[in-house]
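S.K.: structure, please.
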Amino acid sequence: MSSPIVLESLDLAALLCSRVCHDLISPVGAIVNGLEVLEEENDEETKTFALDLIKRSARTASAKLQFCRLAFGAAGSAGVQIDVGDAEKMARGFLEDEKTKLVWNLPRVLLAKNRVKLLLNMLIIAGQAIPRGGVLTVDPVGEGDSMSFRITAAGTNGRVPPHATDLLAGTAPEGVDAHAIQPFYTGMLARSVGLGVSVAAENEAIVVAAR
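M.R.: Okay, here's the model as predicted:
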């Protein structure tokens, strides 16, 4: 039986910080490893490889920081609007790689901060639904200031992330930890703009929708 999750503001902040750190550990660690190789090796081929690793990892870390700043951070003062085109750029940097592609069908408009934050967090859930990669297609639902979103994740062995439905609704059988905080936070964002988020299998794909 799932019960409502009640989090103190300090606990919510700590769990979100843990989530951001988790995303950054890998590229930052790779930068450190590359620097150690540069210091210890004299072979030019190895040094070239290390420099390439540092450059790629720095770009990845920068993309993740920019995405997380908007998806989890304040991103301006209360009531601010955010350009959906900027959100697209950050989403591509965060999600796209050799396995995963993003099809973005949203118009370039200004939307309320929490609505754009909701979109980015929905994209994280959709990306987790296709762990082997695939295509994420983002479509608008409605238009204008009340626009919401539908994200279709199509890929091999797509699946609804564990406990996602409960966490989006603000409930969970075992509470919430740093791994579960992101879908729980997504549900909070949806409710803040008068929406609810669903995630379900549809026609061999996973659909994350806000209504």
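S.K.: alpha carbons of stretch 104-112, in PDB - could you do that?
M.R.: The C-alpha trace of stretch 104-112 is given here as PDB (Å, rounded to 0.1, in the frame of the first residue of the first chain):
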ATOM      1  CA  TRP A 104      11.600  18.200 -30.900                       C
ATOM      2  CA  ASN A 105       8.200  19.300 -32.200                       C
ATOM      3  CA  LEU A 106       7.500  22.200 -29.800                       C
ATOM      4  CA  PRO A 107       7.100  25.800 -31.000                       C
ATOM      5  CA  ARG A 108       9.700  28.300 -29.800                       C
ATOM      6  CA  VAL A 109       7.700  30.200 -27.300                       C
ATOM      7  CA  LEU A 110       8.100  31.600 -23.800                       C
ATOM      8  CA  LEU A 111       6.500  29.500 -21.000                       C
ATOM      9  CA  ALA A 112       6.300  29.800 -17.200                       C
END
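S.K.: contacting residues around that stretch?
M.R.: Residues outside stretch 104-112 that contact it (Cβ atoms under 8 Å, 6 or more residues apart in numbering): 79, 81-85, 88, 91-92, 137-140, 143-145, 147, 149, 193. Yep, even glycine has a C-beta here, placed from its N, CA and C like the rest.
S.K.: in it, which residues are buried?
M.R.: Residues of stretch 104-112 classed as buried: 104, 106, 111-112 (neighbour count, 16 or more other Cβ atoms under 10 Å).
S.K.: from those residues, which is closest to residue 60?
M.R.: When the buried residues of stretch 104-112 are compared for distance to residue 60 (Cβ to Cβ), residue 104 wins out at 20.2 Å.
S.K.: for that closest one, give the beta-bridge partners.
M.R.: Taking DSSP bridges as the rule, residue 104 bridges to residue 138.
S.K.: in ChimeraX, select just the buried ones from the contacts of stretch 104-112.
M.R.: Remark: buried members of the contacts of stretch 104-112, expressed as a ChimeraX selection using 16+ other Cβ under 10 Å:
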select :82,84,88,91,137,138,147,149,193
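S.K.: sort out for me which of the contacts of stretch 104-112 are in helices.
M.R.: Mapping the contacts of stretch 104-112 onto helices (DSSP state H) picks out 84-85, 88, 91-92.
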